[in-house]
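Chemist: Pasting the sequence and the predicted coordinates here, then a few questions.
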Amino acid sequence: MSFIHLHVYSAYSLLSSTARIEQLVSGARENRFPALALTDRNVMYGAVAFYKECLKQSIKPILGLSVDVLSEISEGEAYPMVLLAKDRQGFQNLLKITSTVQTKSPEGIPVKWLKHYAGGLFALTPGLDGEIEHYLEAGEYGQAKRTAELFSSLFEPHSFFFAIQDHGLREEKKTMNFWFSFPGKPGLAWRLQMVFVT
C-alpha cells in the first residue's frame with residue numbers, strides 16, 4: 001500500500017516551514033509517493049507552482065489548505081482544519097475560503113461560512129492543534145463529541161476524517177486512546193462511525 005502525505009506546509013506557510021515546492025515534490029518522487037498534498041496555513045500562494053511541479057515530476061497533486069476555523073464552543077478561539085479538494089468545486093471552494101480568511105475574517109473562518117463552502121472537500125483533523133484534540137486532551141469529552149458531530153455534519157457524507165499521527169509524543173498516544181475508547185465506553189470514532197487517516 002502506498003503512503004501519501006496529506007498535511008504538508010511549504011515556505012508559503014510563514015514561520016511554519018522553509019521547504020520549497022521543488023524540494024517537497026522531489027522528496028515525494030525520491031520516496032516513490034504516487035501523490036502529495038499541499039496544505040499551507042490559510043493561504044494558497046503556492047498552489048499553481050505546486051501543481052505544475054507535481055505534473056513535471058509525475059506526482060499526482062492534491063490541492064488543499066489548512067484553515068483556521070472559529071470555534072462554536074470556545075469564543076474567540078480558532079483551530080486549524082485540513083481541507084483537500086476532491087474536484088473542481090472543491091478547488092473553487094478552497095479559493096473562496098482562503099480569500100475569506102485573507103480579506104474578511106483574518107482570525108479564522110466562521111463555521112456558518114465554512115458550511116457554505118464545504119462542497120467538494122475532504123476535511124481532516126490536524127493532529128494535536130485541532131479543536132477536537134484540544135477538548136480530548138483537556139478531558140472535555142462532551143465538547144469533543146459535540147465538535148466532531150458538528151464538523152461531520154458540515155461536509156458531504158464520508159468526507160470528514162480523524163487524522164492519527166504518531167511522532168512518539170505522549171499527548172498523541174493519549175488522544176489516540178480517546179479515539180478508540182473513553183473511560184468505560186466505546187471511543188469517539190466508534191460512536192460517530194468515523195474513518196481514520198494516518
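Modeler: Received, thanks.
Chemist: Show me the longest helix that occurs in the protein.
Modeler: When the chain is parsed with DSSP state H, its longest helix is helix 88-103.
Chemist: following that one, which helix or strand comes up?
Modeler: helix 111-116 (DSSP states H and E).
Chemist: So which residues make contact with that following helix?
Modeler: With contacts defined as CB atoms under 8 Å, 6 or more residues apart in numbering, helix 111-116 is touched by Val67, Val69, Leu70, Glu72, Ile97, Thr100, Ser105, Leu150, Leu154. Yep, even glycine has a C-beta here, placed from its N, CA and C like the rest.
Chemist: returning to what we had before: so how far is the longest helix of the chain off the chain centroid?
Modeler: The chain centroid and the centroid of helix 88-103 are separated by 15 Å under CA atoms, centre = their mean, to the nearest Å.
Chemist: Of the contacts of helix 111-116, select the buried ones using a ChimeraX command.
Modeler: To isolate the buried ones among the contacts of helix 111-116 in ChimeraX, judged by 16 or more other CB atoms under 10 Å, type:
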select :67,69,70,97,100,150,154
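Chemist: The contacts of helix 111-116 into TSV, with extra columns for pLDDT and distance to Ile132?
Modeler: Output for those, formatted as TSV (pLDDT from 0 to 100; distance: CB to CB, whole Å):
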residue	pLDDT	distance to Ile132
Val67	98	15
Val69	98	11
Leu70	97	15
Glu72	94	12
Ile97	98	19
Thr100	96	22
Ser105	95	21
Leu150	95	10
Leu154	95	13
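Chemist: Taking the centroid of the protein, which residue is nearest it?
Modeler: Nearest to the geometric centre of the chain sits Val82, at 1.5 Å (CA atoms, centre = their mean).
Chemist: Contact partners for it?
Modeler: Applying CB under 8 Å, 6+ apart, the residues near Val82 are Leu6, His7, Thr39, Gly64, Leu65, Ser66, Ala123, Leu124, Thr125, Pro126, Ala163.
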